[in-house]
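A.B. asks: compute the structure for the input listed below.
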Amino acid sequence: MSLDKIVSITGKPGLYELKAQTRTGFLAESLAEGKRMNISAHHNVSLLSEIAIYTLTTEIPLYEVFVKIYDNEDGKETISHKAPKIELEEFFFNVLPDYDEDRVYASDIKKVVQWYNILQRCGKAAEIKEAYEAAKKAEAEAEAKSEEE
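C.D. replies: The predicted model follows:
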């Protein structure tokens, strides 16, 4: 499972999965509640697959951050996004020690933690981890094959 069809919609709580395109926008289903709603093209929508976290050297795709959280928490939910700022920053530093503290704000960390917990509750965090491992394995095999030639 990838994050290609998972979106965050400005002004709407939680995460949504894109189900179908309509003439005026698209149909999305809430991951938490399972309710479907029409989202018009006027809403600001962010695909989670397009989001990255700044580190001191590069940008890390959000799905990799989710995998690191998944590994750090042994596949369980993590701290609440409502935890104090200092706790959130300490947690994020444990998960991603080289994140850029000047460009990654506490509000960003809150969103990442909240999104991870939503994905974990609906079983998508494990799917993301499996897809990540499968992609890494395929990448390694392709590299090994190209070296043989």
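A.B. asks: which strands or helices does the longest helix that the chain contains pack on?
C.D. replies: Secondary structure assigned by DSSP state H gives helix 124-148 as the longest helix of the chain. The criterion is 3 or more C-beta pairs under 8 Å, 6 or more residues apart in numbering; DSSP states H and E, and the helices and strands that helix 124-148 contacts are helix 62-72, helix 106-121. (C-beta placed from N, C-alpha, C; glycine too.)
A.B. asks: buried residues in the worst-scoring helix or strand of the chain on mean pLDDT?
C.D. replies: Of all the helices and strands that make up the chain, helix 124-148 has the lowest average by mean pLDDT, DSSP states H and E, namely a mean of 85. Residues of helix 124-148 classed as buried: 124-125, 128-129, 131-132 (neighbour count, 16 or more other C-beta atoms under 10 Å).
A.B. asks: go through the helices and strands packed on helix 124-148 and name the closest to P13.
C.D. replies: With C-beta to C-beta, the closest approach to P13 among the helices and strands packed on helix 124-148 belongs to helix 106-121: 9.1 Å.
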